[in-house]
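Student: Prediction below, plus the sequence it came from.
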Amino acid sequence: MQWVNVLAQGILLGGLYALYGTGLSLIFGVMRLVNLTHGDLMVVAAYLALVAGQLLGLSPWLSLLLVVPALFVIGVVLQRGLLNATLGKGVLPPLIITFGLSVITQNVLQLGFTADTQGLDAGPIEAASLEVMKGVTLGVLPLITFAAAVLVLTGLQLFLTRTKLGRAFRATSDDPTTAELIGINSRQVYGLAMGLSLAIVAVAGVLLGVRTTFAPSDGPARLIYAFETVIIGGLGSLWGTLAGGVILGVAQTVGAQLNPAWFQLAGHLITLALLAFRPTGLFARTREAG
Amino acid sequence: MADRVLVVEDLKVFYNEFQALFGVSLEVAAGETVAILGANGAGKTTLLNTIAGVLTPRQGKVIYRGAPVSGSPAYRLCRRGISMVPEGRRIFPSLTVEENLEVGAYSGRRGPWQREAVFNLFPILRERARVPGTELSGGEQQMLAIGRALMSNPDLILMDEISLGLAPLVVQELYKVVRAVAEAGTTVILVEQDVTRGLKAADRVYCLLEGRVSLAGRPAELGADQVSQAYFGV
């Protein structure tokens, strides 16, 4: 029973990792851009929720109504104001710029909030759990997180396959020059894609803040998990991202069960094994919305 | 020439230091079908890409319906009614046949070309609507590329080498459609390597040779020697 529990925790943890990875995968898919600020912006979202709680008395859940649009706007402005200028100049310029932004973000957060760890208070729900069968209990918060991941991925899938703008995203991802020929402004699409990516990051950041404490320098560690999720699942595959998150989560909880120090190590080893034997990931993209 | 849709004046286009067009000028009247003929590397595709807004000329002007447009990005020109069937078809691989057509209507221009109208023009596309676009045969992909360009209801459609690598029967079918499109009132500029095909389809032709216009006129007025000299430069 203990192992069933471990497995269940791992799977649910995978939901959070899927939320980490989805935005990263989306912008890489649409514009071949790797955003090294991804993790830091997740932490920014958590701090915004904290401020919303302190100033307006909003619960973390209600704060999403402000944090998600805020991160969306940050994404659009970041892409259109800065990152679009680096496109078509190779992979290095966006990497360097987002790396720099990552450092700046951490320092600004430290200036504003000190290096102390913070947490979001969602009330008793944080510790609530359900006994689904004898000996197997699931946390309510991890269940909510997993449900949020499935909801976000389903929504993204519907957006990409069913809407006019979603088709434009996929067309631009395939071939931006030809997309422009049919009236699509690729730079506008890139701005919206970054906005969407960061809106998902906002959800991940708030859930992260409710689940655990956070500090200004936590971003890069979150970025690693996001990368690992995407590497395991395969770039560009939405449901692969969920599978990647689940595999990473299970590896970590199983590793931790064997030895508490192996939590991160087990995840890294799985990722390395994937890179060695199946570098495209388990669910390599065949079609964008696959 | 009355009612000119497009005027190209002294166009000079470079790829970095390499000059591809050396002062090309041409005019296209509303409703005309104009063919641009020339050998490989003569600058035909460069010319179309410049008209479509993919490339920006270093010198010279593209004037569309009386307004200079060189330097405008392609997406804006598409919204103003210039559409292109690009060289090599460039079907979006992650989109199905149907989605490739629908995304062609992104600019939101209204007109007779809706999905059903394109399906009626190319019934095979209706049959294969749910197949990924790049799983079609070469000829079918070309039909899809033409259909996608029509979906924006252009006033001016540019077609780059639609016959390339296709069987003669398929090419014949495609050119029937080109004529139908032109007869519906759309202005057409075709780029062709196949001289006979181009001369047959067009109201007027321009020959390009090494980035310059080497000959211009109506097919009936041009002798075979003249054309071959303008084409090959010998």
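Tutor: Thanks, I have the structure now. Numbers count the residues shown, from 1 in each chain, chains lettered A, B, ... in the order given.
Student: is it true that A:Gln157 touches A:Leu238?
Tutor: Yes: contact criterion CB atoms under 8 Å: A:Gln157 and A:Leu238 qualify, at 5.5 Å. Bear in mind the C-beta positions are built from the backbone N, C-alpha and C, glycine included.
Student: Which of the two has more residues huddled nearby?
Tutor: A:Leu238 (24 against 15; other CB atoms under 10 Å in any protein chain shown).
Student: For that one, give its distance to chain B.
Tutor: 12 Å (CB to the nearest CB, to the nearest Å).
Student: next one: A:Thr37
Tutor: 27 Å.
Student: list the contacts for that residue?
Tutor: A:Thr98, A:Leu101, A:Ser102, A:Thr105, A:Gly219 (CB atoms under 8 Å, 6 or more residues apart in numbering or on different chains).
Student: lowest average confidence, helix or strand, in chain A?
Tutor: In chain A, no helix or strand scores lower on mean pLDDT, DSSP states H and E than strand A:129-133, which sits at a mean of 87.
Student: Contacts for that one next, please.
Tutor: With contacts defined as CB under 8 Å, 6+ apart, strand A:129-133 is touched by A:Ala8, A:Thr137, A:Leu138, A:Gly139, A:Val140, A:Leu143.
Student: which other helices and strands contact the lengthiest helix in chain B?
Tutor: In chain B, taking DSSP state H as the definition, the longest helix is helix B:168-183. Applying 3 or more CB pairs under 8 Å, 6 or more residues apart in numbering or on different chains; DSSP states H and E, we find helix B:168-183 packed against strand B:33-37, helix B:138-150, strand B:187-192, helix B:195-201.
Student: tell me the mean pLDDT over that helix?
Tutor: Across helix B:168-183, pLDDT averages out at 94.
Student: For it, buried residues please.
Tutor: Of the residues in helix B:168-183, B:Val170, B:Val171, B:Leu174, B:Tyr175, B:Val177, B:Val178, B:Val181, B:Ala182 count as buried by neighbour count, 16 or more other CB atoms under 10 Å in any protein chain shown.
Student: biggest separation within these, which pair?
Tutor: Spanning the widest gap among the buried residues of helix B:168-183 are B:Val170 and B:Ala182, at 19.0 Å by CB to CB.
Student: In a strand, B:Ser152, correct?
Tutor: No: counting by DSSP: H, G, I helix; E, B strand; the rest coil, one finds B:Ser152 to be coil, located in no strand.
Student: Now do the contacts for it.
Tutor: By CB under 8 Å, 6+ apart, B:Ser152 lies in contact with A:Ile182, A:Gly183, B:Cys78, B:Gly81, B:Ser83, B:Gly104, B:Ala105, B:Tyr106, B:Ser107, B:Arg109, B:Trp113.
Student: Closest to A:Pro69 out of those?
Tutor: B:Tyr106 (25.3 Å).
Student: coming back round to it: what is the nearest of the contacts of B:Ser152 to A:Thr161?
Tutor: Among the contacts of B:Ser152, and counting by CB to CB, the member closest to A:Thr161 is B:Tyr106, at 15.5 Å.
Student: Identify the residue spatially nearest to B:Arg109, adjacent ones excluded.
Tutor: For B:Arg109, ignoring the flanking residues on the chain, the nearest one in space by CB to CB, 6 or more residues apart in numbering or on different chains is B:Asn153 at 4.4 Å.
Student: ok, the residue nearest to B:Val170 when sequence neighbours are not counted to B:Thr96 distance?
Tutor: Leaving aside its chain neighbours, B:Val170 sits nearest to B:Gly139 (3.8 Å; criterion: CB to CB, 6+ apart). From B:Gly139 over to B:Thr96 the distance is 18 Å, taken as CB to CB, to the nearest Å.
Student: tally of neighbours for residue 134?
Tutor: In the absence of a named chain, chain A is used. Per other CB under 10 Å, the neighbour tally for A:Lys134 reads 7.
Student: I was thinking of chain B, sorry if that wasn't clear
Tutor: Neighbourhood size, B:Thr134 [other CB under 10 Å]: 16.
Student: my guess is it meets B:Pro93, correct?
Tutor: Yes: counting by CB under 8 Å, B:Thr134 does reach B:Pro93; the two are 4.4 Å apart.
Student: Closest to A:Val210 out of the contacts of B:Ser152?
Tutor: Closest to A:Val210, out of all of the contacts of B:Ser152 and judged by CB to CB, is B:Tyr106, at 39.7 Å.
Student: The residue of chain A found nearest chain B: what's its closest spatial neighbour, skipping adjacent residues?
Tutor: As assessed by CB to the nearest CB, chain B sits closest to A:Gly183 within chain A, at 3.0 Å. Of all residues not flanking A:Gly183 in the chain, B:Ser107 sits nearest, at 3.0 Å (CB to CB, 6+ apart).
Student: Correct me if wrong: A:Ser25 contacts A:Leu242.
Tutor: No: here A:Ser25 lies out of contact with A:Leu242, judged by CB under 8 Å, at a distance of 10.7 Å.
Student: Now do the shared contacts for the two.
Tutor: Common neighbours of A:Ser25 and A:Leu242 (CB under 8 Å, 6+ apart) are A:Gly233.
Student: Now do the buried residues in the strand or helix carrying A:Gly75.
Tutor: Per DSSP states H and E: A:Gly75 is located in helix A:60-81. Neighbour-count burial for helix A:60-81, with 16+ other CB under 10 Å as criterion, is recorded at A:60-61, A:63-64, A:66-68, A:70-72, A:74-76, A:78-80.
Student: Many thanks, I have nothing further to ask.
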